[in-house]
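**Student:** The sequence and its predicted three-dimensional model are supplied below.
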Amino acid sequence: MKATLFHNKIWRRIINLCYRFTFLNLVLFIDYWVSRWFYHQDTFESFSGSTTKNNPYLCIFSHFDINNIVDPYVIFYLQELARMDCDIIFVTTCPTLSLIERNKIAPYCKKIIIRQNRGRDFGAFKCGINNIDNLAEYQKIILANDSVYGPLQDLTEALNYGDNHQLDIWGTSDSLAGGYHIQSYFVIFGKKILTHPAFLQFWASVYYLGNRQNIINRYEIGMSKYFLNRGFKLGAVCRYADLQKAALTLPALQNKLDKKTRTRLKKQLNPTYFFWNVLISEYKFPFIKRDLLFHNLKNLDISDWKELVKKHSQFDVDLIQKHLSRLES
């Protein structure tokens with residue numbers, strides 16, 4: 001009798017999992033085709049920035065703010081990108097962005113675009129790329145967004161990392177979750193790939209999806225797969241495989257990790273969440289994720305984030321604290 005009840009319970013779980021998997025796939029499938037049929041064109045307003053300098057690099061920066069402003073931490077990020085000789089196309093999905101707000105960032109931007117909130121970051125990136133008239137003139141293109149605070153460190157090393165390691169696409173971190181991919185909050189494309197037809201072909205295949213998981217699967221993970229399958233070399237300044245190996249073999253490093261992280265080291269974890277502190281203290285990582293500090297959905301110990309950032313960088317933690325306070329109000 002007990003064996004029969006146990007088997008029935010197992011079968012119910014299997015059926016439930018199959019149902020959930022099938023339902024999720026149906027949601028993702030519908031989202032994809034709805035996007036192809038009804039959201040295949042972008043709607044936006046475009047404004048010129050005030051910078052006239054022609055830089056060797058281009059950054060497409062994806063932005064959203066619930067209060068329709070450009071927060072000071074974002075302005076600092078843009079200043080640092082401009083200092084690194086980047087032309088900046090600022091793409092926001094705020095419904096409105098006043099002239100006052102646009103004037104705050106105009107000195108650092110070539111173009112400011114206000115577009116509908118569809119497709120999240122990859123919709124913004126595609127919009128920015130579609131607004132580049134002189135793509136072949138740039139040495140690198142950077143995709144960045146406001147989901148991180150920073151840069152905590154100078155970005156020179158990250159900017160040049162791919163050149164020094166013969167990479168075509170690189171970022172500050174990668175992940176193995178869902179398949180190998182460069183995490184999309186900061187991605188750099190080198191000159192070789194910018195002049196290859198595959199670059200524009202990929203962006204032509206991007207649709208303005210609505211479902212977050214669909215975007216992650218098809219475009220964040222999918223972008224890395226797309227270019228790997230075409231023979232391009234990808235990498236990251238902080239490789240997850242190296243980070244995981246160090247955490248498994250170096251007790252001193254492991255002891256710095258959250259207890260939850262230490263019990264899951266053999267799994268594929270998001271490094272910007274589970275390894276956030278050692279990335280900053282041991283690897284001079286230039287960013288800390290905004291969601292980690294605001295939502296902390298993994299319930300990690302982040303109590304010493306201020307002290308850690310102050311100790312290992314010159315970044316003004318008040319920029320972070322003020323933004324968090326505004327989100328909480």
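**Tutor:** Yep, that arrived.
**Student:** quick one: low-confidence ranges for the protein?
**Tutor:** Scanning the chain for pLDDT under 70 picks out the ranges 1-29, 31-41.
**Student:** wait, L319 sits on G150?
**Tutor:** No - L319 lies out of contact with G150 (Cβ atoms under 8 Å); the separation is 9.7 Å. For the C-beta atoms, the positions are set from N, CA and C on the backbone; glycine is no exception.
**Student:** Looking only at neighbour counts, state which of these two leads.
**Tutor:** G150 (25 against 18; other Cβ atoms under 10 Å).
**Student:** and that one, what is it in contact with?
**Tutor:** Residues in contact with G150 (Cβ atoms under 8 Å, 6 or more residues apart in numbering) are 77, 286-288, 315.
**Student:** now do E157
**Tutor:** V237.
**Student:** Can you give me the distance of it to K284?
**Tutor:** Counting by Cβ to Cβ, to the nearest Å, the gap from E157 to K284 is 8 Å.
**Student:** and if you look at D146?
**Tutor:** In terms of Cβ to Cβ, D146 sits 22 Å off from K284.
**Student:** for R264, same thing?
**Tutor:** For R264 relative to K284 (Cβ to Cβ), the value is 25 Å.
**Student:** mind listing which of the contacts of G150 are in helices?
**Tutor:** Judged by DSSP state H, the contacts of G150 include Y77 as members of helices.
**Student:** Now flag whichever of the contacts of G150 is closest to R218.
**Tutor:** F287 (24.1 Å; Cβ to Cβ).
**Student:** Does the closest one touch Y185 like I think?
**Tutor:** Yes - with contact defined as Cβ under 8 Å, F287 and Y185 form a contacting pair (7.2 Å).
**Student:** what comes up buried for stretch 238-247?
**Tutor:** For stretch 238-247, a neighbour-count test (16 or more other Cβ atoms under 10 Å) marks 238, 240, 243-244, 246-247 as buried.
**Student:** Redo the residues you listed as CSV? Include distance to N55 and secondary structure.
**Tutor:** Output for these, formatted as CSV (distance: Cβ to Cβ, whole Å; DSSP: H, G, I helix; E, B strand; the rest coil):
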residue, distance to N55, secondary structure
C238, 26, strand
Y240, 31, helix
L243, 32, helix
Q244, 36, helix
A246, 36, helix
A247, 38, helix
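**Student:** Between those, which sits nearest Y219?
**Tutor:** Among the buried residues of stretch 238-247, and counting by Cβ to Cβ, the member closest to Y219 is Y240, at 19.3 Å.
**Student:** ok, that closest one - contacts?
**Tutor:** 173-176, 268, 271.
**Student:** Include neighbour count and distance to F232 when you put the residues you listed into CSV, please.
**Tutor:** Listed next are those as CSV, based on neighbours: other Cβ atoms under 10 Å; distance: Cβ to Cβ, whole Å:
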residue, neighbour count, distance to F232
S173, 22, 18
D174, 22, 14
S175, 22, 18
L176, 16, 18
Q268, 14, 23
P271, 26, 22
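**Student:** among the residues you listed, which two are most distant?
**Tutor:** S173 and Q268 (13.1 Å).
**Student:** Domains in this protein, by residue range?
**Tutor:** Here the domain parsing of the chain from automatic domain parsing is 1-38, 44-238, 240-328.
**Student:** from the chain's centre, how far out does the longest one sit?
**Tutor:** Remark: domain 44-238 is offset 9 Å from the chain centroid, using Cα atoms, centre = their mean, to the nearest Å.
**Student:** Any chance of the contacts of G150 in a markdown table with neighbour count as columns?
**Tutor:** Below are the contacts of G150 laid out as a markdown table (neighbours: other Cβ atoms under 10 Å):
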| residue | neighbour count |
| --- | --- |
| Y77 | 26 |
| P286 | 24 |
| F287 | 26 |
| I288 | 23 |
| F315 | 20 |
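**Student:** Just the closest of the contacts of G150 to N217, please.
**Tutor:** F287 (23.2 Å).
**Student:** returning to that earlier point: so which of D146 and K284 has more stuff around it?
**Tutor:** Taking neighbours as other Cβ under 10 Å, D146 and K284 compare with D146 leading, 21 against 15.
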